[in-house]
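Enquirer: Would you be able to build a 3D model of this:
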Amino acid sequence: MAVKNLSLGGIAFVNLTPGNLIMKNDLLEVSFHLDDNNKAFIQRKAKVTASDENTISAVFIKFQPYDKDLGFYLMP
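Expert: Coordinates of the predicted model:
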């Protein structure tokens, strides 16, 4: 997976696994490392809101408004 867009509430990513069909309303567990100095590991359960040929959009199931690693990473 290659992350295209990231927020505290969800994610959009490119599905790099050929033949791996991901459909709207599917439940996923997404995990990845941020490209910050600490290479923070992020792992979330998410529900797919949109899916096209390669790009998947999903919302995180348990919104965490005070996620230290992700919140710091997203600061302007």
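Enquirer: Could I get the pLDDT score of the residue nearest to the spatial centre of the chain?
Expert: Nearest to the mean C-alpha position of the chain, counting by Cα atoms, centre = their mean, stands Ile11 at 3.5 Å. What the model reports as pLDDT for Ile11 is 96.
Enquirer: again with the one 10 residues further on
Expert: The model reports Leu21 with a pLDDT of 86.
Enquirer: Leu70: what secondary structure?
Expert: helix (DSSP: H, G, I helix; E, B strand; the rest coil).
Enquirer: buried set for stretch 6-21?
Expert: Of the residues in stretch 6-21, those buried by neighbour count under the rule 16 or more other Cβ atoms under 10 Å are 6, 10-11, 13, 15. Placement of C-beta: from N, CA and C, glycine included.
Enquirer: okay, these in JSON lines with secondary structure and distance to Ile42 next?
Expert: JSON lines is the format used below for the buried residues of stretch 6-21 (DSSP: H, G, I helix; E, B strand; the rest coil; distance: Cβ to Cβ, whole Å):
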{"residue": "Leu6", "secondary structure": "strand", "distance to Ile42": "9"}
{"residue": "Gly10", "secondary structure": "strand", "distance to Ile42": "12"}
{"residue": "Ile11", "secondary structure": "strand", "distance to Ile42": "9"}
{"residue": "Phe13", "secondary structure": "strand", "distance to Ile42": "12"}
{"residue": "Asn15", "secondary structure": "coil", "distance to Ile42": "18"}
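Enquirer: And the lengthiest strand in the chain, how far out from the chain middle?
Expert: Criterion DSSP state E: the longest strand present in the chain is strand 41-51. With Cα atoms, centre = their mean, to the nearest Å as the basis, strand 41-51 stands 5 Å off its chain's centre.
Enquirer: in that strand, what's buried?
Expert: 42, 44, 46, 48, 51.
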